[in-house]
Structures are given as C-alpha cells and as structure tokens.
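Engineer: got a predicted model here, sequence first, then my questions.
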Amino acid sequence: MVYKFTLLSDEADNFVRVISIDSEATFLDLHHAILESAKYEKNLVTTFFICSDDWEKGQEVTLIEMESSSEYDNLVMEDTKLEELLSDEKQKLLYVFDLMTERSFFMELTEIIPGIRMSKPECVLSKGEPPVQTLSEDEMIGGSKLTIDENFYGDEDFDLDELDEEGFGDMNFDDSSLFNDDRF
C-alpha cells in the first residue's frame with residue numbers, strides 16, 4: 001500500500017508538499033522525506049504527533065527515545081512503521097520540525113493506494129518555499145532582544161539594587177537559620 005501525505009504550513013504562503021511513501025516504511029523514512037522536500041538540515045530533533053480531527057495531539061513518535069510522562073507509549077521513528085498507527089484517509093498529524101518554538105507542518109494522510117509498493121519515498125508535489133527551519137533569537141522574542149537593563153522589568157531605568165529594597169536584602173544563603181528546619 002502507498003500512503004500520500006499532504007503537508008502545509010501556517011507560516012509560509014502557498015507552501016505545499018505531497019509525499020508518497022510505502023505504508024510499511026517507518027516514521028524515520030517519512031521524516032527524511034520531509035526534510036529532503038523542504039531542504040532542511042538533518043541535525044535537529046523532531047517529532048510527529050498523531051492528531052484528532054480537531055488537531056489535538058495524541059500519540060507522539062520521537063526521533064530519539066525520550067522519557068515521557070505522557071499517557072501514550074514512547075515510540076521512536078526508527079522502530080515504528082506508518083501502518084502501525086495510520087490506517088484511515090484524512091488522518092491528521094503534526095510534524096514538529098523546530099522543538100524550541102514548536103513550529104510544525106500540518107499533515108494529512110490524503111490518500112491510501114492499495115496494491116502498490118514503493119521502494120523509497122518520493123515528493124510528488126512541491127509548491128512554494130518552506131518556512132525557515134529555525135528562528136533566530138530575535139525572531140523568537142518578536143524581533144527585539146531584551147536585556148535585563150532594558151525592558152525586562154518594563155522600565156528602561158530599572159536598577160538591580162531596587163530588589164534589595166523590596167525585601168531580598170536581608171536574605172543570605174550563608175545564614176544557617178534558613179536551614180534549621182527538621183524537614184531538610
């Protein structure tokens with residue numbers, strides 16, 4: 001069986017990728033096909049989420065094994081075949097390509113073609129430019145770098161000594177009375 005996935009981005013106008021891949025391929029194979037179709041570097045940690053029809057995140061499939069407190073099993077791309085988790089057309093997925101800012105491609109399993117096998121994934125439609133793979137520090141915080149001396153506390157004339165005047169001046173980590181509690 002062949003799966004056709006359509007990828008869209010809410011960051012880039014007219015960005016569309018359609019990838020055909022064998023249903024017995026792994027999520028790692030799909031991951032590589034996505035990176036290649038977007039011309040992204042392969043040195044960042046990414047993850048897939050199987051989603052509900054309302055884009056609520058469900059089962060996660062990670063690039064590397066991670067400890068998770070999730071209600072779902074910890075699945076790794078290399079060990080998980082697509083057909084193990086996907087069997088219905090219109091199934092939705094998120095492919096998080098920038099974990100630091102949770103930037104994602106919205107994916108849908110748009111077509112299942114029975115009776116055909118593929119040896120390797122193929123990008124069968126490529127329109128538009130993908131969003132940049134990672135954001136710069138400026139882009140992450142809305143285009144302006146903040147420093148403690150500038151607008152971090154909402155006042156350009158912020159004086160670090162003001163904290164001491166508001167009750168922190170008496171605190172000293174060398175003061176043993178702070179640790180004379182039987183709970184420690």
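Structural biologist: Structure received. The shown structure was predicted, so the numbers you read here are calculated from the model rather than taken from an experiment.
Engineer: can you give the domain ranges for the protein?
Structural biologist: Domain assignment for the chain by automatic domain parsing gives 2-129, 136-169.
Engineer: pLDDT on the shortest one, on average?
Structural biologist: I take that to be domain 136-169. What domain 136-169 shows for mean pLDDT is 51.
Engineer: how about stretch 84-100?
Structural biologist: 95.
Engineer: show me what that stretch is in contact with.
Structural biologist: 3, 5, 7, 23, 31, 34-35, 38, 40, 44-53, 55, 57, 59, 61, 75, 102-112, 133-135, 140 (Cβ atoms under 8 Å, 6 or more residues apart in numbering). C-beta coordinates here come from the backbone N, C-alpha and C atoms, glycine included.
Engineer: give me the ChimeraX select line for these, limited to the buried ones.
Structural biologist: Remark: buried members of the contacts of stretch 84-100, expressed as a ChimeraX selection using 16 or more other Cβ atoms under 10 Å:
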select :3,5,7,23,31,34,35,38,40,46,47,48,49,50,51,57,59,61,75,103,104,105,107,108,109,112,134
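Engineer: ok so, going back, pick the most buried one from the domains of the chain.
Structural biologist: Among those, domain 2-129 has the highest mean neighbour count (mean count of other Cβ atoms under 10 Å), at a mean of 16.
Engineer: can you tell me what sits against the top helix by length along the chain?
Structural biologist: With residue count as the measure and DSSP state H as the assignment, the chain has helix 27-38 as its longest helix. With contact meaning Cβ under 8 Å, 6+ apart, helix 27-38 is reached by 5, 7, 17, 19, 21, 40-42, 46, 48, 61, 63, 75, 77-78, 80-82, 95, 97, 105, 120-123, 126, 130, 133.
Engineer: may I have the beta-bridge partners of E111?
Structural biologist: Beta bridges link E111 to K4, judged by DSSP bridges.
Engineer: that one and K4, how far apart?
Structural biologist: 4 Å (Cβ to Cβ, to the nearest Å).
Engineer: can you check E36 too?
Structural biologist: Distance from E36 to K4, by Cβ to Cβ: 16 Å.
Engineer: need the helices for this protein, in chain order.
Structural biologist: 27-38, 82-85, 137-140, 162-163.
Engineer: out of these, nearest to A12?
Structural biologist: Of all the helices of the chain, the one in closest proximity to A12, counting by Cβ to Cβ, is helix 27-38 (9.8 Å).
Engineer: what residue lies at the spatial centre of this protein?
Structural biologist: Residue closest to the mean C-alpha point of the chain, counted by Cα atoms, centre = their mean, is V96 at 2.9 Å.
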